[in-house]
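[1] after the sequence you'll find the predicted model.
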Amino acid sequence: MADNFSQHNSQGAFDAHHPPALELMDKCVHCGFCLPACPTYMLWGEEMDSPRGRIYLMKLALEGKAEINTTWVSHFDSCLGCVSCMTACPSGVDYGKLIEATRSQIERNFRRTGAEKLHRWLLFQAFTRPQRLHILRSLLLAYQKSGLQAGLRAAGFFRLLPKRLAAMDSLLPPVGLVEKVPEVTSARAAKRKRVGLLLGCVQRTFFSPVNAATARVLAAEGCEVVAPPEQTCCGALCVHSGEEAVAQKFARSIIDTFEKAHVEEIVINAAGCGSAIKEYGHLLRDDAAYAERARRFSERCKDISEFLAGLPPQAERKPLPVRVAFHDACHLQHAQGVREQPRSLLRQIPELQLAEIPEAAICCGSAGIYNLVQPGAATELGDRKGNLIAPLTPDVVATGNPGCILQLQASLSKLGLKIPVVHTVQLLDASIQGLPPKSLR
């Protein structure tokens, strides 16, 4: 029997807890429309690293014709989970549910190496715990301000380290002051809605200005904003990486927290978080106490661009003379189907010029923790995206996800370009406040 093979049962190589659904696999007619939309197939041209190839591998395992071994798992580890294939698929295959179910099976039934397990454990222990991220942030602030980071980079130290460790340093954003969002921000105009704001984990720690800008824009548009300080991780990184049980625990906590806040809608400014939260009904479908609550909760959740696009603007937009290259976060455009809304918001800003990035449907390589566990492929994709942005000569790049901001900053920096990468809502905030373009740096 091959290494790391789980015992065969009626689900083939999978265990009985929600194996990837055969009825979803059977919707795939292997037409090939997904191939040019898949980042890993685009990079390597390998059939088993395409959506239809991975579905074929899932089906073989379900039928007991393939084992969950190192080679089989590698094809799923290499998947970004960007679900661009779902946008391209004419048959409506829900690849997102298939890859998440498969990854849950892998984490339960495959024995990773000790080094791999430790690496992933450390990432999850840090990135899903805001309190720990705050401690890490303080250490990174000292690391940067002391000149140690600059000295090590200049000496070429990170070229001597394993790619994963080098990737961690290359993706570090400049650590600045934390802008705290009050628990309640009053509407600055006639109150139209009472909304909750998801603070996120990485977002509230390393991109707190995005949360602050979000609260200001919502308040300017007549919203009372409630940001419960006790909110936990939403579970997005966990559910996208197969850590189903942990994701469910976080989901219950988020639901409890915002139900107590008595808000009409919940606004999210991180694409990865939003895509996971909108699937809480599916994640908690077996939980009698939460299944219906989760479904109703998800129906009230919207990305910030989606929410604002549905709310007639009342705050004046002042001119912001900048050329903006807009990058579609995968979990916004593909998983949530939100593509036109951020563009429509940017077009509301006088004197702002919008530039479209070629290959908009292709992932930048961030994809949750993908750039930390698969740094080689992530770097290739990031470099490709950076080289597509550079000829556009933008003053700023805008996107809707913190991971994309990190990835694009690193890619543009490698090209020697000092182009700021910001969240879409920060441009709106600057326009409403009447701030100059230099405030975006």
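    Here it is on my side, so go on.
[2] how about the residue nearest to the spatial centre of the chain, what does it touch?
    With distances taken as C-alpha atoms, centre = their mean, the residue of the chain nearest its centroid is residue 272 (3.0 Å). Residues counted as contacts of residue 272 (C-beta atoms under 8 Å, 6 or more residues apart in numbering) are 236, 237, 240, 329, 331, 368, 401, 403. In this view, the C-beta of every residue, glycine as well, is placed from N, C-alpha and C.
[3] mind doing that once more with 6 Å?
    Neighbouring residues of residue 272 by C-beta atoms under 6 Å, 6 or more residues apart in numbering: 236, 331, 368, 401.
[4] what mean pLDDT does stretch 25-45 have?
    For stretch 25-45, mean pLDDT is 95.
[5] spit out the contact partners of the closest residue to residue 307 other than its chain neighbours.
    Among residues not flanking residue 307 along the chain, residue 267 sits closest, at 5.1 Å (C-beta to C-beta, 6 or more residues apart in numbering). Residue 267 is in contact with 195, 197, 304, 307, counting by C-beta under 6 Å, 6+ apart.
[6] nearest to residue 66 among those residues?
    residue 304 (42.1 Å; C-beta to C-beta).
[7] quick one: pLDDT of that closest one?
    What the model reports for residue 304 is a pLDDT of 98.
[8] dump the contacts of residue 272 to CSV, plus pLDDT.
    Output for the contacts of residue 272, formatted as CSV (pLDDT from 0 to 100):
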residue, pLDDT
236, 94
331, 96
368, 87
401, 96
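[9] one step back: most surrounded residue in the contacts of residue 267?
    If you count neighbours using other C-beta atoms under 10 Å, the busiest of the contacts of residue 267 is residue 304, which has 29 neighbours.
[10] pretty sure that residue contacts residue 269?
    Yes. Using C-beta atoms under 6 Å, residue 304 is in contact with residue 269, at 4.5 Å.
[11] intersection of neighbour lists for those two?
    residue 214.
[12] can you report phi and psi for residue 267?
    Per-residue torsions, residue 267: phi -100, psi 140 (degrees, to the nearest 10).
[13] what about the strands in the stretch 101-250 of the chain?
    Using DSSP state E, counting those that start in this stretch, the strands of the stretch 101-250 of the chain run over 184-185, 193-197, 223-226.
[14] helices or strands up against the lowest-mean-pLDDT helix or strand in the chain?
    When the helices and strands of the chain are scored by mean pLDDT, DSSP states H and E, helix 163-170 comes last with a mean of 80. For helix 163-170, the contact count by 3 or more C-beta pairs under 6 Å, 6 or more residues apart in numbering; DSSP states H and E identifies helix 375-389 as packing neighbours.
[15] let's test this: mean pLDDT of the helix or strand just after the helix it packs on, rounded?
    From helix 375-389 onward toward the C-terminus, using DSSP states H and E, the following helix or strand is strand 396-399. Mean pLDDT, computed over strand 396-399, is 98.
[16] what's strand 396-399 in contact with?
    Residues outside strand 396-399 that contact it (C-beta under 6 Å, 6+ apart): 322, 324-327, 329, 408, 419-422, 424, 427, 440.
[17] ends of stretch 201-209, how far apart?
    Length of stretch 201-209, first residue to last, C-alpha to C-alpha, to the nearest Å: 13 Å.
[18] same thing with stretch 174-191?
    Note: stretch 174-191 ends 36 Å apart using C-alpha to C-alpha.
[19] next one: stretch 417-425
    End-to-end distance (C-alpha to C-alpha), stretch 417-425: 23 Å.
[20] got it, and stretch 54-70?
    Length of stretch 54-70, first residue to last, C-alpha to C-alpha: 14 Å.
[21] can you check stretch 370-381 too?
    Terminal residues of stretch 370-381 are spaced 11 Å apart (C-alpha to C-alpha).
[22] what residues sit buried inside it?
    By neighbour count on 16 or more other C-beta atoms under 10 Å, the buried set for stretch 370-381 is 370, 371, 372, 373, 374, 375, 377, 378, 379, 380, 381.
[23] if I pick the last one, what's in contact with it?
    Under the criterion of C-beta under 6 Å, 6+ apart, the neighbours of residue 381 are 39, 363, 365.
[24] try it again at 10 Å.
    The contact partners of residue 381, by C-beta atoms under 10 Å, 6 or more residues apart in numbering, come to 39-40, 42-43, 80, 82, 362-367, 370-371, 374, 407, 411.
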